Structure formats: structure tokens, C-alpha cells
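Enquirer: have a look; sequence and predicted model below, questions after that.
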Amino acid sequence: MKGRRNKPANAKSESKSVDFKSTFDPDRPADWCELLKDVVAMANSGGGTILIGVADDGQCTSGSAALKILQTDPAKVTDKIAKYTGVQFDSFTVDSVRRGGRKVAMITIGWADPPMMFEKPGTYTLEDGKQQKTAFGAGTLYVRRGAKSEPARSADIARLVERNVQQARREWLADVKKVSMAPRGSTVSVLPRGVVQSSDPAATPIRITDDLSAPGYQLIDPDKTHPWRQKELLQELNKSLPTKVNTYDLLAVRRLYGIDDDANFVHKARFASAQYSPAFADWLLKQHATDPTFFQKCRSSFKPVGMVHPINDERLRWLSNFMQESDLSISKTAKRLKISEGTLSRLLVGKYKGDVPRMLDRIEAYRLELNKAE
């Protein structure tokens, strides 16, 4: 695994799957447009790697470019891609690697299926302030051709179509193999197009396990089985608990008991926040009834030994409680703090990898501003 990871990091030259960028500044629209063009082109071409902090000749440049992209929230990159393509593409990672003894940033990009097309032009002003350049136009589909990212031609589109057909064929053959290997006497059921999940008792039940001894299972709408977001779950809990619990209490319980892996308690869609079931609320209340110090023990056990995790910071605890008491959503709070929703979400659950002290100072400034207003 390590060898495969280091192979693109030590590439001697650019290619269809490797691109070098000597500079990157998140405050420069030009750098964003050129980076997004290459990310989308590589994703459309089956994936690849972009090395930040490496010149076209393969020599490492100053480490500032690598540091800036490493400090950039990946959610911001996804938001930028969505701004120009309308697609929430997150099949990429940003890592720090060594190249010739120097630290560079490596963006590893996955395959986009279906391919992404630019819906808006990536136009920016040149440094002279007079002329403009367009990195990519609206309605264009970019692919990698050699070491360049260029608009797709008819032959490129044909290859993309063929690639998707081959992928579909592999999936079909895998399904045929499953049917051919089924035990004698098995029954194959064909469902009509447009079958959807339903909570209607009259709906046709289907089996979602290959264990033939298991009873049939009928899928229902997760909005009905798991109706609450975190905010609503806290509201329901605090109606019955003598002492209020907050987002950190829930996080501690989820991590310690592996709640996120229990489909009976949590439903997590790919592009939406987690939803929780009444069964989870009942379980939490039962734990508290058995041991009134249940939440306090979880908080204490979850705190990393010998270090202060950002999520344990008093300013974050204040913000979490303030959001709950004021019924503020992540979106509204992020706007007030002038940060992205993704950054705030990661801060609240202890996953933010950027400049944490600066974010905490911003929260403290917001708190002081509110105190002055009162």
C-alpha cells in the first residue's frame, strides 16, 4: 500500500494521471479555476494525482503552496466543484507526502461516474487587472489527454461511454454468476422498474439478504423510521431528562458505543446529515434511568488522555449549548461566524484539521459581540 502511495508522489514528469502545480493560493480565483479544471478532468478520465508544490520540471518549490492546500477544508474543495459543475464530488483525499526530502501535498482523485460537465465558466482576471482568462467554458466536458486537461472530443466521449458500458457489463456478469450459483430450487423474482421504498403495509416485501433462512424484509421510508436530526433528538431527550445534554454528550455516546454502525439507531445518507430513531432515544433514556451519571461517564471516558481535544474546548461547548438554546442550525451559525458549514460541522465533532486556534478565536469574538449587545 505504501509503495503504491509513493509511486505518484515520486513521478518524474506529468502524465495522464499525474499533474504538477508549483503554486496554490486559496485567495486567488485563478488558482482555484486551474486546480478545479485538472481535478474534474482527472475524475472524468478514471482518476489520478495532483502534486501541489512541484514545478513542471519536477523540482519541488517552496512549501507554502503545499501548506495552504493542506490547511484548506476538503469540504471547500467539494463546494467549489459543485459551484461550477452542480455535482457534490468528494471522491478525493488531500495528504502530505515526502518528495526528495521535501514536503508536498498530494491530491488523490477517484473516478467520477457519471462524468462531470462544467455548467459555469471558470473565468478570472489576470494579474495585470485588465485582461481575463477562461480556464474552462460552460457546457464543456474536460478529460486528460497526455499531460494536459482539455475539452473532450468525439473520440474521448466514445471512450467514456465504452468505459461505462464495460463497467455495467462487469456488474451484469457478476449478477449472472450469482444466479448461476444459486442452489437448486431457488426462485428468481423480477421487480418492475420504479420500485421504491414504502411504509405502506400493502407494499411488496423484498429480501435484502442472501441468507435464505432469514425472513423477508420490507424496506420503509427512513424519514419515518429515523425522523430526527441531532437537534430534534436533543429536544426529545431534554424533555425527559432532569439535566440537559448537548451535542458533545451525544458524540461521546456514539463514539464509545459504536452507535453510528447500528442501523436501528442511525440512518446516514451519502449527502445528508445523520438521522436518529425513537429507538435510539429510548435506549439513551433507559441508560440514564439505570445510571443517572451515564452521560457524565461517557464524557469523561471519551476525553483523550494527556491532551486537550479541540472538541473539549470551553468555547466549543458554549457554542454547542448556544445553538441548542437559540434553536440555531449549522447553516445559520456558520453564516454568523463567517465560515463554511463543513468547517463548523467538523469543529463541533472534533474532526477539523485546519487552523483550530483561529476558529476558536472567531467563536470567542462572536461570544463577546453577543455579550456587548446584551
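Expert: Everything's here; your move.
Enquirer: when you work out contacts or count neighbours from here on, use the C-alpha atoms and nothing else.
Expert: Noted.
Enquirer: find the residue at the geometric middle of the protein.
Expert: The residue at the geometric middle of the chain, judged as the C-alpha nearest the mean C-alpha position with Cα atoms, centre = their mean, is residue 90 (5.6 Å).
Enquirer: can you map out the helices along this protein?
Expert: The residue ranges that make up the helices of the chain, judged by DSSP state H, are 2-9, 29-44, 64-71, 74-85, 154-180, 222-225, 230-240, 247-257, 278-290, 294-302, 314-325, 330-337, 341-348, 356-373.
Enquirer: pull the residues that contact the third one.
Expert: It stands for helix 64-71. Applying Cα atoms under 8 Å, 6 or more residues apart in numbering, the contact partners of helix 64-71 are 22-26, 52-53, 94-96, 103-105, 353-355.
Enquirer: swap the cut-off to 10 Å and go again
Expert: Surrounding helix 64-71, the residues in contact under the criterion Cα atoms under 10 Å, 6 or more residues apart in numbering are 21-26, 51-54, 77, 94-97, 103-107, 352-355.
Enquirer: list the buried residues in that helix.
Expert: The neighbour-count criterion (16 or more other Cα atoms under 10 Å) identifies 64-70 as the buried residues of helix 64-71.
Enquirer: quick revisit: quick one, which of the helices of the chain is packed in tightest?
Expert: Stretch with highest mean neighbour count among the helices of the chain: helix 29-44 (a mean of 23; mean count of other Cα atoms under 10 Å).
Enquirer: how far off centre is that helix?
Expert: Mean-position distance between helix 29-44 and its chain equals 18 Å (Cα atoms, centre = their mean, to the nearest Å).
Enquirer: and for stretch 266-280?
Expert: The offset between the C-alpha centroid of stretch 266-280 and the centroid of the whole chain comes to 15 Å, using Cα atoms, centre = their mean.
Enquirer: give me the domain ranges for the chain.
Expert: The chain breaks down into these structural domains: 7-126+133-154, 230-373 (assignment by automatic domain parsing).
Enquirer: what's the closest of the ones you listed to residue 223?
Expert: Across the domains of the chain, residue 223 has its closest neighbour in domain 230-373 (7.9 Å, Cα to Cα).
Enquirer: residue 223 reaches residue 276, doesn't it?
Expert: Yes: applying Cα atoms under 10 Å as the test, residue 223 and residue 276 come out as touching, 9.3 Å apart.
Enquirer: give me the common contacts of those two.
Expert: Between them, residue 223 and residue 276 have 229, 267 as joint contacts when contacts are counted by Cα under 10 Å, 6+ apart.
Enquirer: coming back round to it: now, the contacts of helix 64-71 that are in strands?
Expert: Counting by DSSP state E, these place 21, 51-52, 94-97, 103-107 in strands.
Enquirer: any weak-confidence spans in the stretch 151-300 of the chain?
Expert: Segments of the stretch 151-300 of the chain classed as low confidence (criterion: pLDDT under 70) are 185-220.
Enquirer: quick revisit: which of the contacts of helix 64-71 are buried?
Expert: The buried subset of the contacts of helix 64-71 (16+ other Cα under 10 Å) comprises 21-25, 51-54, 77, 94, 96-97, 103-107, 352, 354.
Enquirer: isn't residue 136 right up against residue 152?
Expert: No: in this structure, residue 136 is not within contact of residue 152 by Cα under 10 Å, at 11.7 Å.
Enquirer: overlap in contacts, the two.
Expert: Applying Cα under 10 Å, 6+ apart, one finds that residue 136 and residue 152 are jointly contacted by residue 142.
Enquirer: contact partners for the residue lying closest to the residue nearest to the centre of the chain once chain neighbours are set aside?
Expert: Nearest non-adjacent residue to residue 90, counting by Cα to Cα, 6 or more residues apart in numbering: residue 78, 5.8 Å away. Counting by Cα under 10 Å, 6+ apart, residue 78 touches 36, 87-92, 342.
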